[in-house]
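Participant: whatever this is, show me its structure:
(chains A, B and C)
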Amino acid sequence: MDLAIALALQIVYGIANLVLISLGLAIIFGMMRVINLAHGEFLMLGGYTVVISTNHGVNIWFAMLVLAPLVVGLIGVLVERLLIQYLYGRMVDTLLATWGLSLLFVGLVTTIFGAQTETTISPPLGAISIGDYSSSAYELFLIGVTVALLLLVWAVMKWTRLGLVARATMQSDDMASALGVSTRNVYMITFGLGAAISGLAGGLLAPVTGVLPSIGATYIAKAFITVISGGASILAGTSAASILLGGINGIMSFLTGPTLGEVALLAAAIVLIRLMPTGITGRFFRKSL
Amino acid sequence: MAFDRRTFIKGTSVAGLTLMAPGIIGRAKADDKIRLASILDQSGGLDIYGKPMANATQMAVDEINAAGGLNGQQIELINYDPQSNIQFYTQYATKAATGDKAHVVHAGITSASREAIRPTLGRFQSLYFYNTQYEGGVCDRNCFCTGSTPAQTVEKLVPYAMNKFGKKVYIIAADYNYGQITAQWVKKYVTDNGGEVADTEFFPLDVTNFGPTIKKIQAAKPDMVWSALVGGAHISFYRQYAAAGMNKSVPIASTTFGVGNEHKLISAEEGDGILAAYTYFQEVPGDNNAAFVKRFQEKFGADAPYLNELATRSYEGIQLWAEAVKKAGTADRMPVIEALESGISLAGPSGDISLDPKTHHGVLNVYLAELKDQTFNIVETHNAQPPSDTLLVCDLQANPDQATFYFENGLEAAGIK
Amino acid sequence: MNWSRENRWRAVIVAAGVLFTLAAPSMLELFTIINLSTAIALAILALSLGLIWGYGGILCFGQTAFFGIGAYAYTIAAVNFGGSSWAILLAILAAAAFAAVLGYFMFYGRVSDVYMAVITLTVTLILYSLLRRTSGPEYKIGNALLGGFNGVNSPPLNLPWPPYTPLYPEHVFYVGMAVLIIGYVLCAWLVQTHFGRVAVAIRENELRAELIGYDTRLYKLVLFTIGGAVAGAGGIIFCNGVGRITPDVFNLYNSALAIIWVIVGGRGTLVGPVLGSFALFYLTTWLGTQGTVNNNLVLGLILIVFVLAVPKGILPTFISWWDKARQRRSMQRRELKVRRRRGRASLLEEAADEK
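Facilitator: This next block holds a predicted model:
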């Protein structure tokens, strides 16, 4: 019984983990049809923000929850203003540009901070025990943050004027701008928000993962697979795909080992893409956010 | 018919070289410098290993040159960065061998990179040094492997760790040749020492979520966990393990933790108590090492990375080669190989080391250490350990005409166990 | 035979290629020749993407998948057969078959442009992850080990007739150039057949092409499959140039690189992507020999500037400059003539026509 609870918790965490690393990408892709190949580097920058600022004595909670999204969000806005805004409607060029950006960020961070940066942080919450098993309380916290983040994005999209305008721009930017919406600003804010959420995710994961300049590469494949399996709807798609892929991965990892767990995740993604080439939300929950 | 590139190269190299490329063998460049080519990843994902190695290489060459060079000749260092991309290894190795006409090539981090360039360097008769710890088994007259192999370090750390923590071991390892072979050695020595292996798990190199495994470890209740995890993504394991409170109850021993400077990338409370074994730590005692560390830090300033086995082996690999060049009185390939095979030795930062003529591998000092506050404290020293795994399959003195990698298909295929 | 301006250019390009192949060994150093075979292999990959994307409008972000499958299939088959002739055929067929299956899913599943890019990328990344997991003696196809992360050594090409003499790396250069030139001729021929013109029509307006009565799915599938076969042939040269094939061929870096050659060289041409691949190959090779600045930094910066400054790609930009310059010259000439002969009114007409 203890094992079942501990395991269930673990699987939920695996799912939350996938949502965290994919959400920023999903927002930028879902809203703007921009394939952001620098997504992994946004996560990395979030992690670096936390490591560097805590090394300078900043409180870890402040660094993770405030500084990381703020810094990476600002970088996102900057990138949008200096680069992406010239490339709207040229999807392929944004691909190239964001890939260049990803290399640039890796090179920049390596040049400034070296190939590795010493760290002093560890997960700020202790362990909790479930009978014979123990889990990290920080993992519970991350699950909570992920749910809160999803709710927040949903509420913003659903109820605020910004969300309304963003959804309108997403459906038809011509019509939106004809009605007086500054689509330029909407795109800038969306890109910044997507980057900020990626930064937050990277910051939150910093205490439980390695933070290296090239670490983004380990996330990007999974994030892409999740987003593409999920389909066009940002929240419903990302959540549905994370639940499916993360669940399969968690169960198979426990039953057979991590190698088959990863293979099962990939196999599930292949089957899913075959059955639903436009993702889960291309077929189901079409109207959802 | 087992027909592959290696047998092909072995079988045809002599005839081919004389027929097709007569100009290659003679070191035709007429200046009086000795050319040393270095091919190490200094950007891309492997730079965490490659940069310290490249720094140490630079320092070794600079020191030899400052001391007047070798036999009165200065060394010219030709530095290539293959950018963590195998195709560049082949290219730069070809260029170093036939274009630069390098007298020696010090190159390679991963086994994939070594196996990509070893045939090329063999064919064009460029002496090759591989200065990285790896799974063992390379048996090639043209190639010298100065790094440690699993049997060297695992053999010493297993009894120490079992004595300290207990006999039930849970092995986790990176899912590739090196991790699998290391895990096999761990299993062998655990059983030999009267212990038991609870389970062995392999992890793809890009796994960052170790939750399910941590639960399995909790279910198996081992006395200790043996880690042969490798690379940036796998650092996550140590952090998540500590976050679940496991580092207090089930300690970790490893022969791969620290070589990517993992102990600096996790915090003190996460890492305290981890046991590691290498043939060099920055904390190795002795004036020789203290002076070496000081020179290194002066040269590379505040950015100087922690000196690990990889960096120091790169330094000592060049020094060993330099000794042989001095002994041979020339930098030409065959005399240097013969000098290297004469049981050449060096008083380096890692202590007195030598080369084993049978295997072309290092006879090295193994240090066991315990991590405390991101610093390794050395707890045991075993001097002059032979490359016992490679020795099982390789004898270049009895059979010099070979260029084989015996462990490519794992240990069983090489006839071990 | 009526030689259009384009075909004249194509003949010049082929002639230049043949000339280069013959002259290179006496002009260049040995290592350049050997290393060129890798560059040529990548150029073949660029050519295949230039065909399906530039002419068919199929944005395939995973062209390296077919390239890598070609290389792996060749290696596995050559180890098992003990020779390369059948392995070559099998490798090209394997790459084409994989492209056909993937293409069938995408085109008959009516996948849109953006999704096509991401699906092909995802499939490539899946191959990358899967192959990295195949280390250990249990992952074997016949006698050939897959090798996981470390990859496998690729057996060298050999002459197709007995005795089966293996080729040296410097001879792979000739094979590579032959494949590149034949591939180019094939693609150049294809794009001006009826089939090729329909493919371009689909690129320009898929709906209209469909309404006229063409089964656009089939046309795209066939083009995609041909592209896969060409990429697979490139893969064979690649693993011979490098001497080894590792899963890294499927990683994001290489997938993106293929797209970048085409963008840099120019879409809608076949030579452009080839030139783009050579240019980037030499840029990255050169970057690895300089030790001062981080390579990623330089490469990233160059790419970003390139997207902003030369969005159309080198070759189309160059061609449009050329055309403009020619136009201006001929305009000036004509203007003089017109003034002399016809007077002002017709000059205005001419100018209007020019627009």
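Participant: quick check: pLDDT value at residue 74.
Facilitator: Since no chain was named, I'll use chain A. We have a pLDDT of 95 for A:L74.
Participant: not quite, I wanted chain B
Facilitator: Predicted confidence (pLDDT) for B:Q74: 91.
Participant: flag every buried residue along the helix or strand where A:I21 lies.
Facilitator: Assigned by DSSP states H and E, A:I21 belongs to helix A:2-32. Using 16 or more other CB atoms under 10 Å in any protein chain shown as the test for burial, helix A:2-32 gives A:3, A:6-7, A:9-32. The way it works is simple: take the backbone N, C-alpha and C, and place the C-beta from them, glycine included.
Participant: phi and psi next, for the nearest residue to C:Y139 once chain neighbours are set aside.
Facilitator: In this structure, C:Y139 finds its nearest non-sequential neighbour in C:L146, 4.4 Å apart by CB to CB, 6 or more residues apart in numbering or on different chains. Here is the backbone geometry of C:L146 (degrees, to the nearest 10): phi -80, psi -30.
Participant: repeat for B:I172
Facilitator: phi -120, psi 140.
Participant: now the one 3 residues further on
Facilitator: Note on B:D175: its backbone torsions stand at phi -90, psi 70 [degrees, to the nearest 10].
Participant: ok, now which ones touch it?
Facilitator: By CB atoms under 8 Å, 6 or more residues apart in numbering or on different chains, B:D175 lies in contact with A:258-259, B:202-205, C:132-133, C:135, C:148-149.
Participant: could I get the pLDDT score of it?
Facilitator: Here the pLDDT value assigned to B:D175 is 87.
Participant: where does pLDDT dip in chain A?
Facilitator: Applying pLDDT under 70 to chain A flags residues A:283, A:285-289.
Participant: B:L275 contacts B:A253, correct?
Facilitator: Yes - assessed by CB atoms under 8 Å, B:L275 is found in contact with B:A253 at 4.1 Å.
Participant: and for these two, which residues touch both?
Facilitator: Joint contacts of B:L275 and B:A253 (CB under 8 Å, 6+ apart) are B:157, B:161.
Participant: between those two, who's got more neighbours?
Facilitator: Neighbour count, other CB atoms under 10 Å in any protein chain shown: between B:L275 and B:A253, B:A253 has more, with 26 against 23.
Participant: wait, a helix at the more buried one?
Facilitator: No - B:A253: not assigned to a helix; according to DSSP: H, G, I helix; E, B strand; the rest coil it is strand.
Participant: near chain B, which residues of the stretch 1-150 of chain A?
Facilitator: A:3, A:6-7, A:10, A:13-14, A:17, A:107, A:110, A:114-123, A:126-127, A:129, A:132-136, A:138-139 (CB under 8 Å from any CB of the partner chain).
Participant: just to revisit the earlier point, may I see the buried residues of the helix or strand just after the helix holding A:I21?
Facilitator: Next along the chain after helix A:2-32, taking DSSP H and E as the criterion, comes helix A:39-55. Of the residues in helix A:39-55, A:39-54 count as buried by neighbour count, 16+ other CB under 10 Å.
Participant: spell out which parts of the stretch 51-200 of chain C neighbour chain A.
Facilitator: C:59, C:61, C:105-106, C:109-115, C:117-119, C:121-123, C:125-126, C:128-130, C:133.
Participant: where in the stretch 51-200 of chain C is pLDDT low?
Facilitator: The model of the stretch 51-200 of chain C has pLDDT under 70 over residues C:162-163.
Participant: check contacts around B:P387.
Facilitator: Residues in contact with B:P387 (CB under 8 Å, 6+ apart) are B:136, B:148-149, B:151-152, B:356, B:359, B:361-363.
Participant: now, those that are in helices?
Facilitator: Of these, the ones assigned to helices by DSSP state H are B:151-152.
Participant: got the phi and psi for the residue in the stretch 251-400 of chain B that chain C sits nearest to?
Facilitator: Using CB to the nearest CB, the closest approach of the stretch 251-400 of chain B to chain C is made by B:D303 at 13.0 Å. Torsion angles at B:D303 (phi, psi; degrees, to the nearest 10) stand at phi -80, psi -10.
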